[in-house]
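Novice: make a model of this:
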Amino acid sequence: MYAQYQHGGLTRYDKKSGENLGIKPIEGKGEEPLRWNWDAPLIISPHSASRLYFAANKLFRSDDRGNTWKLVSPDLSRRLDRDKLPVMGKIQPADAVAKHASTALYGNISALAESPKKEGFIVVGTDDGLVQITDDGGKNWRKIEPVGGTPDKAYVSAVYCSQHDANVIYIAYDNHKNGDFKPYLFKSNDAGKTWSALKGNLPENGMVLSIAEDHVAPSLLFVGTEFGVFASVNGGAAWKQLKGNFPTIPVRDLAIQKRENDLALASFGRGFYILDDYTPLRAMAQGKFDASKEASIFPVKDALCYVESTPFGDRGKGFLGETFYIAENAPFGAVFTLYLKDALKTKKQLRTDAEKAGSTKYPSGEELRAEEEEDAPAYFATVTDAAGNVVRRISVSNSAGVQRVVWNLRYADQTPIAQHQAEEAEYGGARVVPGEYKVFLSKRVNGVTTSITEPVSFNVVPLNNTTLPAADRKALVAFQQKVANLQRAVSGALDVANNAKSRLGSIKKALAETMSADAPKLRDDAASLESRLNALLRLLRGDSFLASRNEGTPPSIQERVSNIVYEQYSSTSAPPQTHLDSYAVAAQEFEQELAKLKTLVETEIPRIEKAMEAAQAPYTPGRLPEWNNK
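Specialist: The predicted model follows:
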């Protein structure tokens with residue numbers, strides 16, 4: 001790879017060995033000094049991976065990765081004496097403060113591009129306002145002065161040769177050093193002979209610093225400006241700022257990762273940013289998006305199925321501290337890009353909108369109550385397998401416009417609702433089998449659920465990066481679903497058993513204060529049930545009494561199931577025999593204990609509570625009081 005520092009300090013770095021070699025072109029004996037830009041333009045030719053073009057005030061070419069260089073141009077600048085140019089309205093003296101500090105020598109090449117469609121068709125731009133073009137690899141050059149009303153000597157910030165048409169060129173000028181922050185952006189369809197402005201509705205105070213063109217749809221353009229990044233889906237006629245969580249900062253460079261359809265942005269001082277999979281913008285540029293529809297789902301990229309690694313012991317940087325830098329990965333799973341024409345409004349929102357519009361109707365008490373008790377309208381996405389079986393439902397933000405939601409390629413979490421994590425997209429049950437899936441959008445309004453899009457198909461694709469993958473992935477997922485179902489039942493039974501223990505504690509207290517002659521006997525019955533329940537709980541969740549004294553205890557039903565889930569959560573290997581055996585033990589024991597719990601909760605506790613009602617015992621939680629007006 002190639003890297004540089006200020007004024008053309010070019011190096012070639014060997015990632016395999018870590019070696020670093022300086023390859024900057026050097027003036028020959030008696031030659032005048034080269035004038036390098038602070039960020040000298042460097043490109044790898046799209047026609048040869050070993051060919052470099054590197055620009056000072058002259059253009060150099062290397063066909064051997066920088067070992068040797070040859071000039072392919074004369075001085076392409078205006079060759080002006082910067083000391084004779086006015087600064088702040090006058091020629092500054094030699095001793096002016098910082099007259100030439102922290103700047104490049106004036107009269108250098110500031111932008112450079114070669115056409116991917118035509119070898120040797122090269123465009124350069126200079127810091128003193130010239131665009132120079134050659135179509136024969138540098139043998140002949142033609143000069144273009146600033147076009148379209150651009151101020152004289154405006155800095156050429158970017159040149160770009162189209163990937164689709166050898167005659168299409170884009171250029172941008174930056175005149176902010178003269179207090180002019182306007183965007184100057186132009187396109188030529190005839191190799192630079194004539195130009196048309198592409199400024200469109202770009203803000204007046206944000207000069208254009210970088211340009212990119214989609215490699216599939218030529219009408220999809222991106223520009224980086226002083227105040228953010230903008231996209232156009234109609235060839236520059238109109239622009240829309242891309243915001244999201246992207247700060248309002250200068251975007252000095254743009255690049256497209258073609259395989260992943262990602263837009264990479266280099267900011268001035270705030271690092272790099274990635275817009276993952278911008279293909280929804282391409283769909284708009286290709287006329288495949290209808291904004292008049294109630295809702296839409298853009299085509300879904302293949303979702304790679306793998307287990308995320310935690311090389312630092314936990315998610316992200318683990319426990320390595322804030323001074324250790326890492327960047328986030330792209331979201332794991334299937335990413336759905338959605339469009340909602342309108343946000344759904346509650347009854348109260350509809351009423352207040354009508355009031356703002358001038359309605360004088362005062363709501364009735366029934367209408368106000370309906371507002372208070374309304375199940376708020378909502379959007380959600382439903383994922384199904386190829387056969388139409390529902391796999392997952394995911395909440396969608398009730399907001400108009402384009403948004404993204406992520407499905408983590410797992411079935412729904414079957415543990416008790418109280419234990420669910422806040423971010424439903426991050427957790428879940430068993431992993432799904434790779435294959436074809438579909439997603440569609442629905443809305444729920446006034447208690448009625450309606451599908452609002454057609455299903456969109458996509459694929460879950462295994463990354464195939466494991467050494468010991470399960471030979472039968474379907475059998476693995478089927479086993480994990482069995483375990484998840486047992487975990488759901490065990491968790492639910494534990495919750496019921498804990499509630500029953502609490503009920504029995506209240507029952508004993510209430511019977512101690514009941515005056516009926518039958519109260520002592522009923523209390524003894526409750527104590528006996530509590531003892532049986534304690535034994536059942538020890539089998540379900542373990543012997544906490546002995547464990548607290550550091551005594552060895554056999555694995556409980558819950559421990560067996562939880563261990564299987566935990567130990568398989570980050571694996572796609574076949575379950576070991578220990579898991580199969582442990583599941584069989586847990587399932588057999590749970591079947592017996594669940595029957596006991598059912599009898600205790602549904603028959604024996606209600607029998608005591610009914611007798612307590614007859615004895616007029618104080619109320620206890622879970623017991624429905626009996627009363628008649630006599």
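Novice: who touches stretch 273-292?
Specialist: 214, 216-217, 219-220, 231, 233-234, 242, 246, 260-265, 267, 296, 298-299, 301, 330-331, 335, 337, 339, 341, 402 (CB atoms under 8 Å, 6 or more residues apart in numbering). Just so you know, the C-beta spots here come from the backbone N, C-alpha and C atoms, and that holds for glycine as well.
Novice: among the residues you listed, name the ones in strands.
Specialist: Cross-referencing those against strands under DSSP state E gives Ala231, Leu242, Asp262, Leu263, Ala264, Leu265, Ser267, Ser296, Val335, Thr337, Tyr339, Val402.
Novice: from the residues you listed, which would you call buried?
Specialist: Ala231, Leu242, Asp262, Leu263, Leu265, Ser267, Ser296, Val335, Thr337, Tyr339, Val402 (16 or more other CB atoms under 10 Å).
Novice: dump those residues into CSV; add distance to Asp518 as well.
Specialist: Output for those, formatted as CSV (distance: CB to CB, whole Å):
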residue, distance to Asp518
Ala231, 80
Leu242, 76
Asp262, 76
Leu263, 78
Leu265, 79
Ser267, 80
Ser296, 69
Val335, 65
Thr337, 68
Tyr339, 68
Val402, 69
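Novice: between the ones in strands among the contacts of stretch 273-292, which is nearest Gln92?
Specialist: Taking CB to CB as the measure, Gln92 sits nearest to Ser267 out of these, at 32.0 Å.
Novice: from Phe246, how far out is the closest one?
Specialist: Using CB to CB, to the nearest Å, Ser267 is found at 9 Å from Phe246.
Novice: now do Val123
Specialist: 29 Å.
Novice: looking at those two, which is more packed in?
Specialist: A count of neighbours by other CB atoms under 10 Å puts Val123 above the other of Val123 and Phe246, at 25 against 16.
Novice: report all helices and strands that the helix or strand hosting the more buried one contacts.
Specialist: Under the criterion of DSSP states H and E, Val123 resides in strand 122-126. Strand 122-126 is packed against strand 109-114, strand 131-134, strand 155-161, strand 169-174, with contacts defined by 3 or more CB pairs under 8 Å, 6 or more residues apart in numbering; DSSP states H and E.
Novice: repeat the analysis, applying 6 Å as the threshold.
Specialist: Under the contact criterion of 3 or more CB pairs under 6 Å, 6 or more residues apart in numbering; DSSP states H and E, strand 122-126 touches strand 109-114, strand 131-134, strand 155-161.
Novice: report the strands that pair with it, each with its relative direction.
Specialist: Strand pairing for strand 122-126, determined by DSSP bridges: strand 109-114 (antiparallel), strand 131-134 (antiparallel).
Novice: which one, of these, ends up nearest to Tyr362?
Specialist: strand 109-114 (65.6 Å).
Novice: got the angle for that closest one vs strand 155-161?
Specialist: 0 degrees (axes from the mean of the first three to the mean of the last three CA atoms, to 10 degrees).
Novice: how far does strand 109-114 sit from its chain's centre?
Specialist: Relative to its chain's centre, strand 109-114 lies at 33 Å (CA atoms, centre = their mean, to the nearest Å).
Novice: where along the stretch 201-350 of the chain do the helices fall?
Specialist: All helices of the stretch 201-350 of the chain, identified by DSSP state H, counting those that start in this stretch, fall at 279-285, 347-356.
Novice: mind putting the ones you listed in JSON lines, distance to Leu71 included?
Specialist: Output for the helices of the stretch 201-350 of the chain, formatted as JSON lines (distance: least, CB to CB, whole Å):
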{"stretch": "helix 279-285", "distance to Leu71": "40"}
{"stretch": "helix 347-356", "distance to Leu71": "69"}
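Novice: ranking the ones you listed by burial, who's on top?
Specialist: A comparison of the helices of the stretch 201-350 of the chain by mean neighbour count, using mean count of other CB atoms under 10 Å, puts helix 279-285 on top with a mean of 21.
Novice: and it, what's its mean pLDDT?
Specialist: Averaging pLDDT along helix 279-285 gives 96.
Novice: could I get the CA-only coordinates of it as PDB?
Specialist: Provided in PDB are the C-alpha atoms of helix 279-285 (Å, rounded to 0.1, in the frame of the first residue of the first chain):
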ATOM      1  CA  THR A 279     -28.100   0.300  -2.900                       C
ATOM      2  CA  PRO A 280     -31.400   1.900  -1.900                       C
ATOM      3  CA  LEU A 281     -30.100   5.200  -3.300                       C
ATOM      4  CA  ARG A 282     -29.300   3.300  -6.500                       C
ATOM      5  CA  ALA A 283     -32.800   1.900  -6.700                       C
ATOM      6  CA  MET A 284     -34.100   5.500  -6.500                       C
ATOM      7  CA  ALA A 285     -31.600   6.500  -9.300                       C
END
